[in-house]
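> Sharing a model prediction with you, sequence too.
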Amino acid sequence: MARSDEAASFFIAVYNAVQEIPEGKVTSYGHIAKLIGTQKLIRKAAQRPRQVGICLKHLSHDPGARHNSGNVPWQRVINSKGMISPRSQPSGARNQAAALRAEGVTVSTDALGELSVDFAEYGWFPDSLPSEEASEEQEWVSGSESE
DNA sequence: GGATTGACGACAT
DNA sequence: AATGTCGCCAATC
């Protein structure tokens, strides 16, 4: 099992999780990492929020790719403080804000020009992926499901 | 192929 | 409350 395979799995898991974020909702990089962490497949996933950002950064713009900027709602992922990461290129963050506003999310701008979203209103933080059981190998044992 | 960077986050000062 | 430090590890010098 090469580490590169594990890395690839991580990318897939991230894109898969991000696609679960409902339109008009947002979550954090850290939460995506945590959700992936519930799946044993990937090592220390819950401790790698940065890698989640890397995944989105490298999200393909090729419409033909399995996961691309068109079918993965990357804009719904912001940092744990509820703010769109300023990062290197301001236009990128602004573009993200525009994409969120387009789907009904209110993005506030403070005096410093930092963009933020109210988690209380738009946050999406489930304990696990809604379709986690449906899409994965689904090899857990049935019998002890307690609601 | 070693060193730095970074769409982050938790904890320590 | 506001910085600083460290862990994580793929990508990029």
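Cool, got the structure.

> what's near enough to touch residue A:129?
A:16, A:17, A:20, A:35, A:38 (CB atoms under 8 Å, 6 or more residues apart in numbering). Yep, even glycine has a C-beta here, placed from its N, CA and C like the rest.

> If we use 6 Å, what do you get?
Going by CB atoms under 6 Å, 6 or more residues apart in numbering, residue A:129 touches A:17, A:20, A:35.

> Could you list the buried residues of the biggest helix by length in chain A?
Residue-count comparison of every helix in chain A, with assignments taken from DSSP state H, identifies helix A:3-18 as the longest. Buried positions in helix A:3-18, judged by neighbour count with 16 or more other CB atoms under 10 Å: A:9, A:10, A:11, A:12, A:13, A:14, A:15, A:16, A:17, A:18.

> my guess is the fifth one contacts residue A:34, does it?
Read that as residue A:13. No: shown here, residue A:13 and residue A:34 do not form a contact pair, counting by CB atoms under 6 Å, at 11.8 Å.

> can you pull the pLDDT of residue A:7?
Model confidence at residue A:7, expressed as pLDDT, equals 83.

> actually residue A:132, sorry about that
Turning to residue A:132, the model gives it a pLDDT of 56.

> do residue A:44 as well
Confidence at residue A:44, expressed as pLDDT, is 86.

> ok, now residue A:135?
Here, the pLDDT recorded for residue A:135 equals 48.

> And residue A:72, by the same measure?
In the prediction, the pLDDT value recorded for residue A:72 is 96.

> Spit out the contact partners of the spatially most central residue of chain A.
For chain A, the residue whose C-alpha lies nearest the mean C-alpha position (CA atoms, centre = their mean) is residue A:18; its distance is 3.8 Å. With contacts defined as CB under 6 Å, 6+ apart, the neighbours of residue A:18 are residue A:72.

> That one and DNA strand B, how far apart?
In this structure, residue A:18 lies at 11 Å from DNA strand B, with CB to the nearest atom of the strand, to the nearest Å as the measure.

> Which parts of chain A are strands?
Counting by DSSP state E, chain A has these strands, from start to end: A:27-28, A:77-78, A:107-109, A:115-117.
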